[in-house]
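[1] Pasting the sequence and the predicted coordinates here, then a few questions.
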Amino acid sequence: MGPARAARDFCLFLLLLNSRQSAALTETRADPCAEGSDGCHIDAICQTTPGSYKCTCKAGFRGDGKHCEDTDECDLEYNGGCVHECNNIPGNYRCTCHDGFNLAHDGHNCLDVDECKFNNGGCQHTCVNTMGSYECRCKDGFFLSDNQHTCIHRSVEGLNCMNKEHGCAHICKETPKGGVACECRPGFELARNQKGCILTCNHGNGGCQHTCEDTENGPICRCHIRYTLQPDKRSCVERDEATTEPSDNNATSITEVDKRVKRRLLMETCGVNNGGCDCTCKDTTTGVRCSCPVGFTLQPDGKTCKDIDECEIHNGGCDHFCRNTIGSFECNCRKGFKLLTDERSCQDIDECFFERTCDHTCVNSPGGFQCLCNKGFTMYGLAHCGDINECSVNNGGCEQGCVNTMGGFECFCHPGYKLHWNRKDCIEAEGSPPAKPPSKPTLNCSKQAGGDRCFLTCQSQVHITSGTEDSYTVTCGMPLPCLADAQKNNSGLHCLGPEMAGVPRIKTTATFKSGTGKCNLKRSQEKLKESLNAAHSDSRFPFTENVQFSYVSLRCSSSGQRTRSRHGRRAGEEDGSSITAEFELDVNLEEVTAESCDLSCVRRRSEKRLRKTIRTLRKSINREQFHLHFAGSDYELAKNPEQPVELTGHCVGGQGLMGRKCVRCSVGTYYAADQGRCVLCHAGTYQGEEGQTSCEVCPGPEGREVSKVVGARNMSECGGQCSPGQYSHDGFIPCLPCPLGTYQQEVGRTTCFPCGGNLATKRSGALTFQECETKVQCSPGHYYNSSTHRCIRCPTGTYQAEFGQNYCMACPGNTTTDFDGSTNFMQCKNRQCGGELGDFSGYLESPNYPGNYPANIECTWTINPPPKRRILIVVPEIFLPIEDECGDYLVMRKSSVSNSVTTYETCQTYERPIAFTSRSKRLWIQFRSNEGNSGKGFQVPYVTYDEDYQELIEDIVRDGRLYASENHQEILKDKKLMKALFDVLAHPQNFFNYTAQESREMFPKSFIRFLRSKVLRFLRP
């Protein structure tokens, strides 16, 4: 027994020792799962086991763990449980719905969207929701237009598309023979009777909630396996598992149900009630495993799926607004921004890119913009600039005569007087030494290299005015004002009136085409200066023209400004610039002889010579051989340089180079040609305007010390002048206060203005008329008449915003007011509108847009496309008040005849855009307003396109998806994007002007997908 027991104990000892060693080895062996040294697939889970590890593919993948591949749930039975579309993604899947449906809370079912809840579906009258879509209907006496949203008055005359008896279910088209032909909207087919329209599955899923199948008799609806078709034969409800009644369409057999019930008694299974899962159910050895699609999260009960509100975390990644949807979310941008292609980021819309935004200067800012007007102009209609009539306010401050000019005004004196240095008062001319007349602008032309070469020399009284960035005006000399009682002769060449008693003057205007580039007053290079100087002394090139003018004005404008009129661009019109020149020439009285040629004869001779000079000048400008010499520098009227001005080192007149950018010299400075930069006005000079080439001399009496102020911005900064409320014999100190009954609000004056009507002031040294003790206080919209001592309403075309004034301001530019008694310049409105529009693209714009349109206006436009072209119109938004029962309306039809084919008609506000094609090949458009309420009106772009694209264009504009998304609506309101689209539609070859990157960055992906599907369907053979 002893040896046997010893052997047994030894064996037990060995076993125990071996187990301890194994345990020690286990404790020291590395864990491959923790170290990442396992061989599991990236889509597998590594599980540590005693002495080893195990690889298991993640949910949504299949394989042995060493190799895993995605499980395509959409290939499984019943489309992954999705009732519409199933989209597989790595490890999961997502259900999506057709247009007109939203994903239900369970992530699988699709529910109808009620489009009528949002803005009435864009319908003018009645919106009716249908399964998967909606339709607009009209009231009695109207019918639905081709755009399927607006309504048009019916006609009772004749058998045409305007007659209610035409019989077409959807769209009526007139045939060349005078009959009618019916068409159907996209997603419908024309019935055998050629009038009715049959619904197909391509429109709103055929009215089916789940599955649609086209048949000869129309769509048939079916439901997903887990749902039952309702009695309406369209909608579906979830099946009750306890129900064993078979269904004609998609029922499970009683045997299958019995098997599932038996299995459920033993263990929970996906075969019964989907395992209790809201979404995906998977049978495992331990029971069912529920999972949720992307956009949902599994709740603690392990069964329920809850929508994830992506907007709660970092605003969903959206720059501006995040809107949660079932299973997903949508980003939107603030007004003035657009959504980029990543459908997350928002980018500022540069409204200033659109050339029609502002008349003069446009300053873009994040989400908005501001229009600014040049000096001497004021804003009207929110974006337009009109000349200020300074003479309408206290006679411009002039003591005697005042004449308004574009962007300014001039005071003048009666015979026997001369203008004071302050340019407003008049002093007696007798006894004063004659002032040296300023040198006159001189035009010299000579023939060189087989052509005419001209240059205009201005030694004094030079003035440069910049309009928009590609326009300018240069004036030289002093214009002769035409007084109110002066008249022009029949030729319009000179003024006739009292001021002509001295020297008669000829006035004429001519327009020259100047190259194909934009305006650019370019400073000449040194070599050009030398050649011009040589032309003066070279006897080989004698002057063919040598004319001294009294006044010259050169206004250059690019075609972008000319087409900024309310008309569209005409076919064949090219980009370029033009120069409008105004010349004033004094008649030489020395040529008058009593015998052979009287004053009229000399004037005719002068006019003849002037016409010859203009012909020579035209040739010179056409050859780009016209140059200017003023303020010590030479300039050429060059085309736009190939590279930006900033890179050439030379800027236009009155601009200096700061860094690599040309900027206008500010007030108090001038451009010094010898230094090539803007410098401060020297002591004793001033400059009150931007972009000038010299400074004005400060006025002052002889012997007075010169002002020491450097960079003076106006005469008052020169110092030593009488302050407002004071006067003196020469406008300089010492000064006296204005006596009682007078006032003065300007510096350096020699007189004070009387209140009139024996009115007194409360104190001496009064500054304004408001200090005159009037008998009544006039309210805004009125002015005080000092003769009758009554308040008079401001006449039509004028306004007054202040209390107690004795004048009314004239409306700027070519604007006027609707009624008298206006109180604000915003009530001044431009009434210009109508005309024949361009052949390829253009705009219909209510007068005074974007300001309120005037009352009692009637505008008529016509669009006559070239042969084989059709018209596409987009109405981004329109603002017409409906309070006055359609007193203001816009109508588009074939002709002015009331029962002609009408394309569009509205009399109310729509902020939701709509696009449509014209029902006729030409359009007659009319806008009318009454004397009631006014509104912002409209700016409607149009384009004509090749009729070969008619089917594609109509398929796009009639599809409700174009207007369903807020982001799509913003595209139709984005002027830059619409301009690009219309540019390509009008001229398809211009597509290659846009790079692929630009095209992708212009539109959100959803819009690109929408257009791509339309284009592919159109191109499909």
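    Perfect, I can see it now.
[2] Distance check, the closest residue in space to E410 that isn't next to it in sequence against N714.
    Nearest residue to E410, sequence neighbours excluded (CB to CB, 6 or more residues apart in numbering): V403, at 5.3 Å. For the C-beta atoms, the positions are set from N, CA and C on the backbone; glycine is no exception. Going from V403 to N714 by CB to CB, to the nearest Å gives 22 Å.
[3] who's more crowded, the two?
    Applying other CB atoms under 10 Å to V403 and N714 shows that V403 carries more neighbours, namely 20 against 14.
[4] pretty sure the residue nearest to E410 contacts N389?
    No: using CB atoms under 8 Å as the test, V403 is too far from N389 to be in contact (10.3 Å).
[5] residues shared between the contacts of those two?
    F409 (CB atoms under 8 Å, 6 or more residues apart in numbering).
[6] if we can go back for a sec, what is the subsequent helix or strand relative to whatever helix or strand the residue nearest to E410 lives in?
    Assigned by DSSP states H and E, V403 belongs to strand 401-405. Per DSSP H and E, the first helix or strand lying C-terminal to strand 401-405 is strand 408-412.
[7] Using PDB, write down the CA coordinates of that following strand.
    Extracted C-alpha coordinates of strand 408-412, given in PDB (Å, rounded to 0.1, in the frame of the first residue of the first chain):
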ATOM      1  CA  GLY A 408     -24.000 120.300 -58.800                       C
ATOM      2  CA  PHE A 409     -25.100 123.800 -59.500                       C
ATOM      3  CA  GLU A 410     -23.700 127.200 -60.500                       C
ATOM      4  CA  CYS A 411     -24.500 130.700 -59.300                       C
ATOM      5  CA  PHE A 412     -24.400 133.600 -61.800                       C
END
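[8] mind listing what's buried in stretch 592-608?
    Within stretch 592-608, the residues that qualify as buried by neighbour count (16 or more other CB atoms under 10 Å) are 602-603, 606-607.
[9] Identify, from those, the entry nearest to G80.
    E607 (89.5 Å; CB to CB).
[10] what is the mean pLDDT for the host helix or strand of the closest one?
    Per DSSP H and E: E607 is located in helix 599-622. Averaged across helix 599-622, pLDDT comes to 86.
[11] Other residues contacting it?
    Under CB under 8 Å, 6+ apart, the answer for helix 599-622 is 443, 445, 451-454, 491, 493-494, 504, 506, 508, 510, 512-514, 544-545, 547, 579, 581, 583, 585, 587-589, 591-592, 597, 626, 637.
[12] what inclination does the strand holding V403 have with respect to strand 408-412?
    Here the directions of strand 401-405 and strand 408-412 differ by 160 degrees (axes from the mean of the first three to the mean of the last three CA atoms, to 10 degrees).
[13] Let me see the contact set for the closest residue to D283 other than its chain neighbours.
    Residue nearest to D283 in three dimensions, not counting chain neighbours: C270, with 5.1 Å by CB to CB, 6+ apart. Shown in contact with C270 (CB under 8 Å, 6+ apart): 277, 281-283, 288.
[14] List only buried entries from the residues you listed.
    Here, 16+ other CB under 10 Å leaves 277, 281, 288 buried among the contacts of C270.
[15] Return the backbone torsion pair for the first one.
    Backbone torsions of C277, given as degrees, to the nearest 10, read phi -80, psi 140.
[16] Thought K303 was touching it, still the case?
    Yes: at 5.6 Å, C277 and K303 qualify as touching, with contact defined as CB under 8 Å.
[17] On the three-state scheme, the nearest residue to M978 once chain neighbours are set aside is what?
    The shortest distance from M978 to any non-neighbouring residue, by CB to CB, 6+ apart, is to P941 (5.7 Å). Three-state call for P941 (DSSP: H, G, I helix; E, B strand; the rest coil): strand.
[18] so where's the stretch 651-800 of the chain shaky on pLDDT?
    Judged by pLDDT under 70, the stretch 651-800 of the chain has its weakly predicted residues at 651-663, 702-706.
[19] got the contact list for the residue nearest to M978?
    841-843, 873-874, 876, 975, 978-979, 982.
[20] Sitting in helices, which of the residues you listed do you find?
    Among these, the members falling in helices (DSSP state H) are 975, 978-979, 982.
[21] Out of the residues you listed, grab the one that's most surrounded.
    Going by other CB under 10 Å, F982 tops the ones in helices among the contacts of P941 with 21 neighbours.
[22] quick one: that one and S841 touch, right?
    Yes: with contact defined as CB under 8 Å, F982 reaches S841; the gap is 5.2 Å.
[23] Need the residues touching each of the two.
    941, 943.
[24] Distance-wise, check the residue nearest to E410 relative to N933.
    39 Å.
[25] What of G720?
    To N933, G720 is 55 Å away according to CB to CB.
[26] Over to T457?
    57 Å.
[27] For those two, indicate the residue with more neighbours.
    T457 (19 against 15).
[28] Adjacent strands (with direction) for the helix or strand containing that one?
    Per DSSP H and E, T457 falls inside strand 451-458. The strands beside strand 451-458 in its sheet (DSSP bridges) come out as strand 442-448 (antiparallel), strand 626-630 (parallel).
[29] Include mean neighbour count and mean pLDDT when you put those strands into CSV, please.
    What follows is the strands paired with strand 451-458, written out as CSV (neighbours: other CB atoms under 10 Å; pLDDT from 0 to 100):
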stretch, mean neighbour count, mean pLDDT
strand 442-448, 19, 83
strand 626-630, 23, 78
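[30] Just list whatever residues bridge to the nearest residue to F296 once chain neighbours are set aside.
    In space, and not counting its chain neighbours, F296 is closest to C305: 4.2 Å by CB to CB, 6+ apart. For C305, the beta-bridge partners are L298 (DSSP bridges).
[31] Once you drop chain neighbours, what's closest to E931?
    In space, E931 is closest to A855, 4.7 Å off (CB to CB, 6+ apart).
[32] related to what we said a few turns ago, any idea which of the contacts of P941 is closest to F377?
    Y843 (22.8 Å).
[33] What's the local residue count around the closest one?
    Y843 has 20 nearby residues by other CB under 10 Å.
[34] And for R453?
    23.
[35] quick one: it from Q625, how far?
    Taken as CB to CB, the span from R453 to Q625 is 4 Å.
[36] Now do the helices in this structure.
    2-28, 32-35, 254-266, 526-537, 559-562, 599-622, 645-648, 950-957, 961-964, 966-973, 975-986, 996-1002, 1005-1019.
[37] Summarise which helices and strands the last one is packed against.
    This means helix 1005-1019. For helix 1005-1019, the packing partners by 3 or more CB pairs under 8 Å, 6 or more residues apart in numbering; DSSP states H and E come out as helix 950-957, helix 966-973.
[38] Output the helix holding E607 as PDB, restricted to C-alpha atoms.
    Presented in PDB, the C-alpha positions along helix 599-622 are these (Å, rounded to 0.1, in the frame of the first residue of the first chain):
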ATOM      1  CA  LEU A 599     -24.100 137.400 -86.700                       C
ATOM      2  CA  SER A 600     -26.300 134.700 -88.000                       C
ATOM      3  CA  CYS A 601     -23.900 134.000 -90.900                       C
ATOM      4  CA  VAL A 602     -21.000 133.800 -88.500                       C
ATOM      5  CA  ARG A 603     -22.900 131.400 -86.300                       C
ATOM      6  CA  ARG A 604     -23.700 129.100 -89.200                       C
ATOM      7  CA  ARG A 605     -20.000 129.100 -90.200                       C
ATOM      8  CA  SER A 606     -19.000 128.300 -86.700                       C
ATOM      9  CA  GLU A 607     -21.500 125.400 -86.500                       C
ATOM     10  CA  LYS A 608     -20.200 124.000 -89.800                       C
ATOM     11  CA  ARG A 609     -16.600 124.100 -88.500                       C
ATOM     12  CA  LEU A 610     -17.700 122.500 -85.300                       C
ATOM     13  CA  ARG A 611     -19.400 119.600 -87.100                       C
ATOM     14  CA  LYS A 612     -16.100 119.100 -89.100                       C
ATOM     15  CA  THR A 613     -14.100 119.100 -85.900                       C
ATOM     16  CA  ILE A 614     -16.400 116.500 -84.400                       C
ATOM     17  CA  ARG A 615     -16.000 114.200 -87.400                       C
ATOM     18  CA  THR A 616     -12.200 114.400 -87.000                       C
ATOM     19  CA  LEU A 617     -12.500 113.800 -83.300                       C
ATOM     20  CA  ARG A 618     -14.700 110.700 -84.000                       C
ATOM     21  CA  LYS A 619     -12.000 109.200 -86.200                       C
ATOM     22  CA  SER A 620      -9.400 109.900 -83.600                       C
ATOM     23  CA  ILE A 621     -11.400 108.200 -80.900                       C
ATOM     24  CA  ASN A 622     -12.100 105.200 -83.100                       C
END
